[in-house]
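>>> Kindly generate the corresponding structure for this input.
(chains A, B, C and D)
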2 protein chains.
Amino acid sequence: MTDAAALRPDTRAADAVVRELEARIASGALPDGAHLPPERDLIDTYGVSRTVVREAVARLASRGLVESRPRHRPVVRRPGVDAALAAAGGVVGHLLRESGGVKNLYDTRILLEGALVRHAALQARKADVAALARALAENEAAIPDSDRFYATDVAFHAVLYEIPRNPILPAVHKAFTAWLAEHWRKMPRSPERNRVNFLRHRDILLAIQDRDPDAAEAALASHLNAAWEYVRGTFEGP
Amino acid sequence: MTDAAALRPDTRAADAVVRELEARIASGALPDGAHLPPERDLIDTYGVSRTVVREAVARLASRGLVESRPRHRPVVRRPGVDAALAAAGGVVGHLLRESGGVKNLYDTRILLEGALVRHAALQARKADVAALARALAENEAAIPDSDRFYATDVAFHAVLYEIPRNPILPAVHKAFTAWLAEHWRKMPRSPERNRVNFLRHRDILLAIQDRDPDAAEAALASHLNAAWEYVRGTFEGP
DNA sequence: CATCGCCTTTGGTATGACCAAACCTACCTT
DNA sequence: AAGGTAGGTTTGGTCATACCAAAGGCGATG
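As a prediction, this is how the structure comes out:
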């Protein structure tokens, strides 16, 4: 049965199994949430050794197609945008340790989020503005509690990523916050500081309500740049 | 995200080896380009079985920290932004097959690239404008040859991603073009069509030279949206 | 009916063996 | 001496088997 692999220059038998399982997942034969057959079943299904099966499953797991917890059956996960970014996450962790890595990632975020607020200012529907207002209200209510404030802060920005209704964007936001969270936790927090950030958020919302993309972008840039100044000392010099 | 599993302690011996090797790579003890010690050496270095060593190496490979060709010694690759996006690439391939996947990715590109041309209009240095002009000239020269035109087209856009001097952005561009290339190849090409695209590129450059971000963004959006209309029929209906 | 404990299943690891490709070295040819 | 070549050695890929420990199912028990 391994002869199927012999046709391709695939010297690795595991790749053949990966493709088989990939196809079974894509075709729905292995629906999302189901768990993979036991390794010992796959052995005689594909006529390969357990070594190969295990390597194949490991590859699927690393690509986010299955989720394998230590002593459990791997669970099929139809690939989502999250999975793609989670796959990238491993390397990103290293990149952030390199000099300037955090800054580069943060700058990228500013660039993208700037475009988002412009988009919001031009395209946001009533419901979007309402969602922003709601998030802002919760943000204000959380000013005394720094932990809760951080959560509502993230939530406010998250709304911006949802407005274009492109599923890639919320996933990118989740990835950004996850990757940067470690550093942001070190940032000194206080109700006064929270209030400043809340006011910036309010400025952004007001500019969006005014349908003024330039003002919205400016408010956002000033907000994010200020936050950067506040945490930069955590990793690098001047 | 899926890091919920990260809460649990590593019951896997392989993960320990992964961390060891990761550290050796990050510390430079295993410099970029060097190859990993033979599996049989790692066995007694870490006192584990070959099974574990092999699984560990496979994990490193899937994270892009080492590059393992079938019958060769794995080569250490210090992680770069490319590696991160390459890791995501496997899943993205599946996403693009889903309905609307290509559109979502392309919209994200438009959003980001719109921000880039705005940035360019406001911040581009003389050298950047010169690079754009050079890329544009090559683009024009390639109008009769559709293959070469495609290459110079990509190169022109690439310059936009280089202007902010943030290494993440060129990598993102490479990823975008790689992921979308498959579909773009199906687009009908012709010198007339090439000329239209060249003119759009020229509009973008002119707007940047005029330091007019709104015009630059408008030109880019119109350019990319037109391209989309041209290829949409390839995957989905109206 | 809920609970507890045993037994089976199943993933994680360890050995040891074999093959084929890649690598290296020493020898031979020119 | 330079170049190429044959043979042995290294090394990754695969297989088979065995054992362990945790997870899950099943039945006995209170």
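
>>> which residues of chain A fall in helices?
In chain A, the helices defined using DSSP state H lie at A:3-7, A:13-26, A:39-46, A:50-62, A:81-97, A:101-123, A:126-141, A:146-162, A:168-185, A:191-209, A:213-231.

>>> Same list (the ones you listed) but as JSON lines, adding mean neighbour count.
In this view, the C-beta of every residue, glycine as well, is placed from N, C-alpha and C. Formatted as JSON lines, these follow (neighbours: other CB atoms under 10 Å in any protein chain shown):
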{"stretch": "helix A:3-7", "mean neighbour count": "12"}
{"stretch": "helix A:13-26", "mean neighbour count": "19"}
{"stretch": "helix A:39-46", "mean neighbour count": "14"}
{"stretch": "helix A:50-62", "mean neighbour count": "20"}
{"stretch": "helix A:81-97", "mean neighbour count": "22"}
{"stretch": "helix A:101-123", "mean neighbour count": "21"}
{"stretch": "helix A:126-141", "mean neighbour count": "16"}
{"stretch": "helix A:146-162", "mean neighbour count": "19"}
{"stretch": "helix A:168-185", "mean neighbour count": "18"}
{"stretch": "helix A:191-209", "mean neighbour count": "18"}
{"stretch": "helix A:213-231", "mean neighbour count": "18"}
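
>>> so where's chain A shaky on pLDDT?
A:1-11, A:233-238 (pLDDT under 70).

>>> Write out the residues of chain A neighbouring DNA strand C.
A:11, A:36, A:38-40, A:50, A:54, A:68, A:70-74 (CB under 7 Å from any atom of the strand).

>>> Now render the residues you listed as CSV, adding distance to residue B:145.
CSV is the format used below for these (distance: CB to CB, whole Å):
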residue, distance to residue B:145
A:11, 37
A:36, 49
A:38, 56
A:39, 53
A:40, 57
A:50, 53
A:54, 49
A:68, 49
A:70, 55
A:71, 58
A:72, 55
A:73, 54
A:74, 49
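
>>> Name the residue closest to the centre of chain A, please.
Nearest residue to the geometric centre of chain A (CA atoms, centre = their mean): residue A:175, 2.4 Å.

>>> Tell me the one of the residues of chain A next to DNA strand C nearest DNA strand D?
residue A:71 (4.0 Å; CB to the nearest atom of the strand).

>>> since we're on that closest one, how many residues are nearby?
7 (other CB atoms under 10 Å in any protein chain shown).

>>> what do you get for residue A:29?
Neighbour tally, residue A:29, other CB under 10 Å: 11.

>>> and the gap between residue A:165 and residue A:55?
Distance of residue A:165 to residue A:55, computed by CB to CB, to the nearest Å: 39 Å.

>>> quick check: domain ranges of chain A?
As assigned by automatic domain parsing, chain A contains the domains A:3-76, A:83-234.

>>> Any idea which of these gets closest to DNA strand D?
Closest approach to DNA strand D among these is made by domain A:3-76 (3.2 Å; CB to the nearest atom of the strand).

>>> Please see if that closest one touches DNA strand D.
Yes. Contact of domain A:3-76 with DNA strand D (CB under 7 Å from any atom of the strand) involves A:11-14, A:47-52, A:55, A:71-72.

>>> Double-check residue A:105 against residue A:98; I have them as touching.
No. Look at residue A:105 against residue A:98 with CB atoms under 8 Å: they stay out of range, at 10.7 Å.

>>> Find the nearest non-adjacent residue to residue A:61, please.
Using CB to CB, 6 or more residues apart in numbering or on different chains and skipping the chain neighbours, the partner closest in space to residue A:61 is residue A:68 (4.5 Å).

>>> That neighbour - how many residues pack around it?
18.

>>> Need the phi and psi values for it.
Dihedral pair for residue A:68: phi -120, psi 110, per degrees, to the nearest 10.

>>> how near is it to residue A:36?
To residue A:36, residue A:68 is 8 Å away according to CB to CB.

>>> Need the overlap of contacts for these two.
Contact with both residue A:68 and residue A:36 is made by residues A:57, A:74-75, according to CB atoms under 8 Å, 6 or more residues apart in numbering or on different chains.

>>> With distance to chain B as extra columns, can I get the residues you listed in JSON lines?
JSON lines is the format used below for those (distance: CB to the nearest CB, whole Å):
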{"residue": "A:57", "distance to chain B": "11"}
{"residue": "A:74", "distance to chain B": "12"}
{"residue": "A:75", "distance to chain B": "11"}
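
>>> Could you confirm whether stretch A:191-210 reaches chain B?
No. Contact of stretch A:191-210 with chain B (CB under 8 Å from any CB of the partner chain) is absent, the minimum separation being 16.0 Å.

>>> got it, and stretch A:15-34?
Yes. Counting by CB under 8 Å from any CB, chain B is contacted by stretch A:15-34 at residue A:26.

>>> Can you give me the end-to-end span of that stretch?
In stretch A:15-34, first residue to last residue: 22 Å (CA to CA, to the nearest Å).

>>> cool, stretch A:185-197 as well?
15 Å.

>>> What of stretch A:115-129?
Stretch A:115-129 has an end-to-end distance of 17 Å (CA to CA).

>>> Figure out how far it is from the centre of its chain.
Mean C-alpha position of stretch A:115-129 versus that of the full chain (CA atoms, centre = their mean, to the nearest Å) differs by 21 Å.

>>> ok, it near chain B or not?
Yes. Counting by CB under 8 Å from any CB, chain B has neighbours in stretch A:115-129: A:115-116, A:118-119.

>>> List of residues touching that stretch?
Residues outside stretch A:115-129 that contact it (CB under 8 Å, 6+ apart): A:132, A:159-164, A:169, A:204-205, A:207-213, A:215-217, A:219-220, B:111-112, B:114-115, B:118.

>>> before we move on, the earlier item: just give me the closest of the residues of stretch A:115-129 next to chain B to chain B.
Nearest to chain B out of these is residue A:115 (CB to the nearest CB; 3.8 Å).

>>> got the contact list for the closest residue in space to the residue nearest to the centre of chain A that isn't next to it in sequence?
The spatial neighbour of residue A:175 that comes closest, neighbours along the chain excluded (CB to CB, 6+ apart), is residue A:85 at 4.1 Å. By CB under 8 Å, 6+ apart, residue A:85 lies in contact with A:171-172, A:174-175, B:1, B:88.

>>> And residue A:37, by the same measure?
Contacts of residue A:37 (CB under 8 Å, 6+ apart): residue A:45.
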